[in-house]
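Undergrad: all I have is the shape, not the residue letters:
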């Protein structure tokens, strides 16, 4: 299949084969605001005659449910991909995410310099020279208005991205690999507001979970590096969480087990001490993230107050207790020194303490 010839409105089952290794779900590094289908190690695709053998191909699918910041609030790269085996799996997932039954974009992994150069030549031969992406060293883009397409060539990040822009902004575009691109007249605030149209306002949240952080950064009695999945299930915080496995897309190996509360922006990450993670006693708490203090009732034994100012946070710690003390004035976070944990306290755009991310330093 020649991906360069797609209109990018094709039905999903016209562009995939269930005989390939397929995964469907969310991958925030690729793109957080839509549903993705990842194809690994397929031999069926090419780009204008250039073989894309055994490379990652990602199809983008519009999902109204994912037009929210709940996924991106979980800290770092968030992956929740499940094996896609047949049409029944596809229908269930599309229904769950309120997603459409056709694609609107493709993301192609370019893994060699030669391939990057060959693909660029093909694009330039057909569409002419691209516009320099000001956010990257070597990135280019094409705004093909007559074709209703965007092309983003991002060799610094090994990606070629092509989108049908019929239902996208005509003035702005953002993703991790390209940054924010202004096609002319971009209203950044309005653009991101539209991307996050389904985000629940904090004042509308009911039944907020009660969270207690003790002086050792344990949460509701759970200890990172010691508490297991069974402990979490029995804890007072375990309400409205969905269990999900995080997998390595290229191999399908389970990399991490998570419990996600997308409504209150609470996330718990577990590492399995055995290859088979069916026994919850072997799944050990590795990290947790509370990503918006306005969506929970949170208290700290050390006296920190949610939504307090940066200055108030600094009063709680000595200078030598802060890892990034030299740049705390302009950084959006403060890192607290700890022998066992990576402790990050994060500030919102009002410079208020609004979230935290705690990670076990010890590798599993």
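TA: On my side now, so go ahead. Bear in mind that the values here come from a model prediction, so they are computed numbers and not experimental data.
Undergrad: low pLDDT regions in the chain?
TA: Low-confidence segments of the chain (pLDDT under 70): 68-79, 199-204, 246-255, 273-278, 328-330, 364.
Undergrad: please enumerate the helices of it.
TA: In the chain, the helices defined using DSSP state H lie at 12-15, 87-96, 113-127, 188-195, 229-234, 310-315.
Undergrad: strands of the stretch 101-250 of the chain, residue ranges please.
TA: For the stretch 101-250 of the chain, the strands defined by DSSP state E, counting those that start in this stretch occupy 105-109, 131-132, 140-144, 149-154, 159-164, 172-175, 179-182, 210-213, 242-247.
Undergrad: what helices or strands is the second one leaning on?
TA: In other words, strand 131-132. strand 140-144 (3 or more Cβ pairs under 8 Å, 6 or more residues apart in numbering; DSSP states H and E). Just so you know, the C-beta spots here come from the backbone N, C-alpha and C atoms, and that holds for glycine as well.
Undergrad: now do the third one
TA: Contact here means 3+ Cβ pairs under 8 Å, 6+ apart; on that basis strand 140-144 packs against helix 113-127, strand 131-132, strand 149-154.
Undergrad: buried sites along that strand?
TA: Of the residues in strand 140-144, 140, 141, 142, 143 count as buried by neighbour count, 16 or more other Cβ atoms under 10 Å.
Undergrad: test my guess that the first one contacts residue 150.
TA: No. Residue 140 sits out of contact with residue 150 when judged by Cβ atoms under 8 Å, with a separation of 11.6 Å.
Undergrad: setting aside sequence neighbours, what's the nearest residue to residue 166?
TA: Among residues not flanking residue 166 along the chain, residue 148 sits closest, at 4.9 Å (Cβ to Cβ, 6 or more residues apart in numbering).
Undergrad: how much space separates that neighbour from residue 61?
TA: According to Cβ to Cβ, to the nearest Å, residue 148 and residue 61 sit 17 Å apart.
Undergrad: which one of these two has more residues nearby?
TA: The neighbour comparison of residue 148 against residue 61 (other Cβ atoms under 10 Å) goes to residue 61, with 21 against 16.
Undergrad: which residues does the more buried one contact?
TA: Residue 61 is in contact with 12, 34, 35, 36, 37, 94, 99, 100, 102, 103, 104, counting by Cβ atoms under 8 Å, 6 or more residues apart in numbering.
Undergrad: hmm, 7 Å instead?
TA: 12, 34, 35, 37, 99, 100, 103 (Cβ atoms under 7 Å, 6 or more residues apart in numbering).
Undergrad: leaving out sequence neighbours, find the closest residue to it.
TA: Nearest non-adjacent residue to residue 61, counting by Cβ to Cβ, 6+ apart: residue 35, 4.3 Å away.
Undergrad: is that neighbour in contact with residue 99, as I believe?
TA: Yes. Look at residue 35 against residue 99 with Cβ atoms under 7 Å: they come within range, at 4.5 Å.
Undergrad: so what sits against both of these two?
TA: 61, 63.
Undergrad: more neighbours: which of the two?
TA: With neighbours defined as other Cβ under 10 Å, residue 35 and residue 99 compare such that residue 35 has more, 25 against 20.
Undergrad: my guess is residue 143 meets residue 150, correct?
TA: Yes. With contact defined as Cβ under 7 Å, residue 143 and residue 150 form a contacting pair (6.1 Å).
Undergrad: who touches the longest strand seen in the chain?
TA: Of all the elements of type strand in the chain, the one with the most residues (DSSP state E) is strand 31-40. Outside strand 31-40, the residues that touch it by Cβ under 7 Å, 6+ apart are 12, 16, 20-27, 30, 56-63, 66-67, 71-72, 81, 84, 97, 99, 175, 195, 249-250.
Undergrad: and these, which of them are buried?
TA: So, by 16+ other Cβ under 10 Å, the buried ones in those are 12, 16, 22-27, 30, 56-63, 66-67, 71-72, 81, 84, 97, 99, 175, 195, 249.
Undergrad: okay, the helices of the chain in CSV with distance to residue 154 next?
TA: Below are the helices of the chain laid out as CSV (distance: least, Cβ to Cβ, whole Å):
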stretch, distance to residue 154
helix 12-15, 22
helix 87-96, 27
helix 113-127, 10
helix 188-195, 19
helix 229-234, 38
helix 310-315, 34
